[in-house]
Each structure stands twice: as C-alpha cells, then as structure tokens.
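1. okay, sequence plus prediction incoming.
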Amino acid sequence: MKTLLLCPKDHGNTYTVFSYIQKQMAFSNACDLKVLSPKSDYYLTKAELQNYDRIIFGSGVYGGNLHKKLKEFLFSLKREDVKCRCKLYLALTWFGRSDSNMQVFNQAAEMLDEKGLYLQNNFFSCFGAGFGLVRLGHPNAKELAASLTWFKELDS
C-alpha cells in the first residue's frame with residue numbers, strides 16, 4: 001500500500017515526525033513525504049494524489065485549528081482528486097492544551113465529509129516544541145517511535 005505523508009511545510013514539529021517515519025520506512029519504499037509549500041523540493045501537486053492508496057495529513061495545532069496551508073488544501077480538495085478506496089488519516093503535533101487535538105481532528109473530518117471523503121478515526125498526536133520554553137525537546141525519541149508504531153499498525 002503506497003502512502004503519502006503530507007505536511008504543510010518542510011520544517012517544524014510535524015515535518016520532524018513525518019521525516020522520521022519516511023526515513024524508517026525507506027527500505028520498503030512504502031511512503032513518500034510531500035509538502036504544500038511550492039518553494040520546497042518535496043512540493044505536492046494534486047495530480048500526484050492518485051498515486052496513493054493512503055494519505056496521512058499532518059499539521060500542528062494552532063489555536064484549535066489546522067495549519068493554514070493544510071486547511072486551504074482540504075478546502076480545495078475534491079472527491080475525484082483521490083483514489084476511490086484511498087484511506088485518509090491525520091497526524092498532529094500540539095502543545096497538549098485541553099482537547100484541541102480532538103477539535104482539530106473534528107474540523108478536518110467535517111471538511112472532508114462535505115466532499116464525500118472519510119477521515120479514519122484512528123489519528124496520531126504527540127507534543128511539539130512550542131515557542132520559548134513550552135515543551136522543549138519534543139517531539140522526542142519516544143514520541144517518534146510511537147509515530148512509527150502507529151504508522152505500521154494502520155490498516156492491520
């Protein structure tokens with residue numbers, strides 16, 4: 001099953017998690033890492049979405065919202081942009097405040113549902129390093145290992 005890890009940008013907490021998964025899975029050629037920034041070498045075009053059986057959207061949680069670029073991408077996504085049986089997942093990095101990760105999951109699920117796309121209920125979240133002194137050292141080795149375990153257990 002060919003998987004796309006889709007990140008809003010080519011740096012930051014979510015990129016760190018996705019980059020770790022992609023490097024650990026490189027031997028099997030099981031996943032590609034792409035970003036929504038046109039300036040990146042890993043830029044994704046919508047036509048490429050048809051190449052994947054599973055897409056994992058990644059985002060930080062910003063005041064209870066998805067990253068702006070990912071939100072725009074999901075808003076513009078059409079049902080026909082992805083394969084018929086493509087499974088969609090979400091992975092988040094956040095500061096651990098209240099249930100903002102669940103709020104963001106619901107936000108993404110609603111956006112996709114309006115287009116006839118279904119976001120799988122099995123999402124991953126871990127801490128991300130914040131600004132200043134918030135959650136320094138995250139995502140850490142334990143969280144990265146947990147992300148890989150989650151990835152490997154999808155659809156099993």
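-> Structure received.
2. give me the below-cutoff pLDDT ranges for this structure.
-> 131-135, 156 (pLDDT under 70).
3. and the helices in it?
-> For the chain, applying DSSP state H gives helices covering 13-24, 68-76, 100-113, 141-153.
4. I'd like to know which of those helices is closest to residue 31.
-> helix 13-24 (5.6 Å; C-beta to C-beta). The way it works is simple: take the backbone N, C-alpha and C, and place the C-beta from them, glycine included.
5. tell me the angle of the closest one relative to helix 68-76?
-> When axes from the mean of the first three to the mean of the last three C-alpha atoms, to 10 degrees is applied, the directions of helix 13-24 and helix 68-76 differ by 80 degrees.
6. what count of nearby residues applies to residue 155?
-> Using other C-beta atoms under 10 Å, residue 155 is surrounded by 12 other residues.
7. thinking it is in contact with residue 85, fair?
-> No. Using C-beta atoms under 8 Å, residue 155 is not in contact with residue 85; the gap is 11.1 Å.
8. just say which of the helices of the chain is most tucked in.
-> For the helices of the chain, the largest average neighbour count (mean count of other C-beta atoms under 10 Å) is found in helix 13-24, namely a mean of 21.
9. show me the contacts for residue 44.
-> By C-beta atoms under 8 Å, 6 or more residues apart in numbering, residue 44 lies in contact with 4, 6, 34, 35, 36.
10. what do you get for residue 59?
-> Applying C-beta under 8 Å, 6+ apart to residue 59 gives the contacts 7, 8, 14, 66, 67, 70, 90, 91, 92, 93, 104, 108.
11. before we move on, back to that, buried subset of the contacts of residue 44?
-> Using 16 or more other C-beta atoms under 10 Å as the burial test, the contacts of residue 44 include 4, 6, 34, 35, 36 as buried.
12. so the first one touches residue 49, yeah?
-> Read that as residue 4. Yes. With contact defined as C-beta under 8 Å, residue 4 counts as touching residue 49 (7.2 Å).
13. now do the shared contacts for these two.
-> residue 55.
14. and residue 62, how far from residue 70?
-> Using C-beta to C-beta, to the nearest Å, residue 62 is found at 10 Å from residue 70.
15. for the contacts of residue 44, give me a markdown table that also has distance to residue 44.
-> A markdown table is the format used below for the contacts of residue 44 (distance: C-beta to C-beta, whole Å):
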| residue | distance to residue 44 |
| --- | --- |
| 4 | 8 |
| 6 | 6 |
| 34 | 4 |
| 35 | 7 |
| 36 | 6 |
